[in-house]
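Student: whatever this is, show me its structure:
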Amino acid sequence: MDLKELCFKLSDISATSGDETGFSHELIKLLNEYMPCKIDNVGNVLGSSEKGDFHILLDAHIDQVGLVVRGIDSKGFLLVDKIGSLDIRALTGAEVIVHGKEDLFGVVCSVPPHLQSGDSGGELNLKSMAIDIGLSAEEAKKAVSIGDRVTMRNFSNQLLNNCISGSALDNRAGVVAIFGALDILKDKLHNVKLSVLFSVQEEVGCRGAGCGAFALMPDCAIVVDVGFGDDVYTDKSQTISLGGGPSIGIAPILSKALSDELVSIAKNEDIPYQHDVMSRTTGTNADTITVVGSGVPTLLLSVPLRYMHTANEVVNIDDIENTSKLIAEFVLKKEAELNA
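Tutor: Predicted coordinates:
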């Protein structure tokens, strides 16, 4: 499987929180090659292999941050609000796609520096922003409805050193890593039951993961998401390095025993890895899955990602491939233990 091409393909599909249906149907086509699957009541994609003596769940959220139309003013400009924690610093003058009756190109309005008042240099505020789609108010109201979603226009690109950029790599990188693991594991499992949860609404409170994990009730879970990648501006103690391998999460809510086991596997299989230490919760689906039912021992693997929640997030394909390998080796170890 070409994970880079899959990243490019999936990052081009819009799936803001609460509006993931189109993406869910695309994932059904891909996941059906590995296991029977379905879309549940909230839009999660759930798949499971045949019954086994130990049940492992792989989770990655499929939604992305974006905007929602909250009004159309008298000049035809679209008034918007955030879906999730979109970085609004990157919005001024940005190109966007308005998903109205048909997809429309738009530009986020930007007042030229020459016309700004003396106090215009303060913190950006969405209440003072709008989107220009080039239509009058009457025309805009025919093409766009209140509640329509807006996403950053995607420019997926190949960078040097096996890095790529895209507008939805949080968390398409995690989705791709799971597909990479499924490809490695294909036809190799007989005693392990493997389930996949491609969950919705993570960016607005990890909502889909709770529903999906409750339906599946695994013995343990691996959540795959992205983590704060290092860049020129960040404190290195609070970030993980692109190209350094996946980060194995350490947090009170995560299973220490399973995390230690994952570290041991990485060392034995010579798979590069890092650590991301969190003092309380993780801000990911792991927080929700670990308390489902009577409790699910949970691991967190994070793919390093730069410029989170902007139009040009950056990941290294090597990190995604090594995440796939580490997941697969963990599952294969459980399979071997059950065969012993």
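Student: all helices of this structure, in order?
Tutor: 3-11, 21-31, 137-143, 169-185, 207-216, 256-268, 286-289, 317-339 (DSSP state H).
Student: same list (those helices) but as CSV, adding mean neighbour count, mean pLDDT and distance to Gly249.
Tutor: In this view, the C-beta of every residue, glycine as well, is placed from N, C-alpha and C. Converted to CSV, the helices of the chain look like this (neighbours: other C-beta atoms under 10 Å; pLDDT from 0 to 100; distance: least, C-beta to C-beta, whole Å):
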stretch, mean neighbour count, mean pLDDT, distance to Gly249
helix 3-11, 18, 94, 22
helix 21-31, 17, 95, 24
helix 137-143, 14, 96, 44
helix 169-185, 25, 97, 13
helix 207-216, 22, 96, 15
helix 256-268, 15, 97, 7
helix 286-289, 27, 97, 7
helix 317-339, 21, 96, 12
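Student: dump those into JSON lines; add distance to Val42 as well.
Tutor: What follows is the helices of the chain, written out as JSON lines (distance: least, C-beta to C-beta, whole Å):
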{"stretch": "helix 3-11", "distance to Val42": "20"}
{"stretch": "helix 21-31", "distance to Val42": "10"}
{"stretch": "helix 137-143", "distance to Val42": "29"}
{"stretch": "helix 169-185", "distance to Val42": "17"}
{"stretch": "helix 207-216", "distance to Val42": "5"}
{"stretch": "helix 256-268", "distance to Val42": "27"}
{"stretch": "helix 286-289", "distance to Val42": "13"}
{"stretch": "helix 317-339", "distance to Val42": "25"}
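Student: out of those helices, which comes closest to Leu299?
Tutor: Among the helices of the chain, helix 256-268 comes nearest to Leu299, with 5.0 Å by C-beta to C-beta.
Student: so what pLDDT did the closest residue to Asp287 other than its chain neighbours get?
Tutor: Leaving aside its chain neighbours, Asp287 sits nearest to Thr281 (4.5 Å; criterion: C-beta to C-beta, 6 or more residues apart in numbering). As predicted, Thr281 sits at a pLDDT of 94.
Student: next one: Val111
Tutor: 71.
Student: what's the neighbour count on it?
Tutor: 11 (other C-beta atoms under 10 Å).
Student: gap between it and Gly93?
Tutor: To Gly93, Val111 is 10 Å away according to C-beta to C-beta, to the nearest Å.
Student: now Ile56
Tutor: 46 Å.
Student: centre of the chain to stretch 7-26, how far?
Tutor: 10 Å (C-alpha atoms, centre = their mean, to the nearest Å).
Student: need the contact partners of it.
Tutor: 39, 43-45, 62-68, 83-84, 97, 99, 149, 151, 154, 156, 164, 166-169, 172-173, 175-176, 198, 200-204, 315, 317, 320 (C-beta atoms under 8 Å, 6 or more residues apart in numbering).
Student: hmm, try it at 6 Å
Tutor: When contacts are defined by C-beta atoms under 6 Å, 6 or more residues apart in numbering, stretch 7-26 is touched by residues 39, 43, 45, 62-64, 66, 83-84, 149, 151, 154, 156, 166, 168-169, 172, 176, 200-201, 203-204.
Student: quick check: end-to-end length of it?
Tutor: In stretch 7-26, first residue to last residue: 13 Å (C-alpha to C-alpha, to the nearest Å).
Student: picking that back up, overlap in contacts, Val111 and Gly93.
Tutor: Joint contacts of Val111 and Gly93 (C-beta under 6 Å, 6+ apart) do not exist.
Student: contacts only, for Leu91.
Tutor: Val108.
Student: how close does it sit to Gly106?
Tutor: Leu91 is 11 Å from Gly106, by C-beta to C-beta.
Student: and for Asp170?
Tutor: 22 Å.
Student: buried residues, stretch 265-285. List them.
Tutor: With burial defined by 16 or more other C-beta atoms under 10 Å, the residues of stretch 265-285 counted as buried are Ile265, Ala266, Ile271, Tyr273, Gln274, Asp276, Met278, Thr282, Thr284, Asn285.
Student: now render these as JSON lines, adding distance to Ile327.
Tutor: Listed next are the buried residues of stretch 265-285 as JSON lines, based on distance: C-beta to C-beta, whole Å:
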{"residue": "Ile265", "distance to Ile327": "10"}
{"residue": "Ala266", "distance to Ile327": "11"}
{"residue": "Ile271", "distance to Ile327": "10"}
{"residue": "Tyr273", "distance to Ile327": "12"}
{"residue": "Gln274", "distance to Ile327": "15"}
{"residue": "Asp276", "distance to Ile327": "16"}
{"residue": "Met278", "distance to Ile327": "20"}
{"residue": "Thr282", "distance to Ile327": "17"}
{"residue": "Thr284", "distance to Ile327": "15"}
{"residue": "Asn285", "distance to Ile327": "15"}
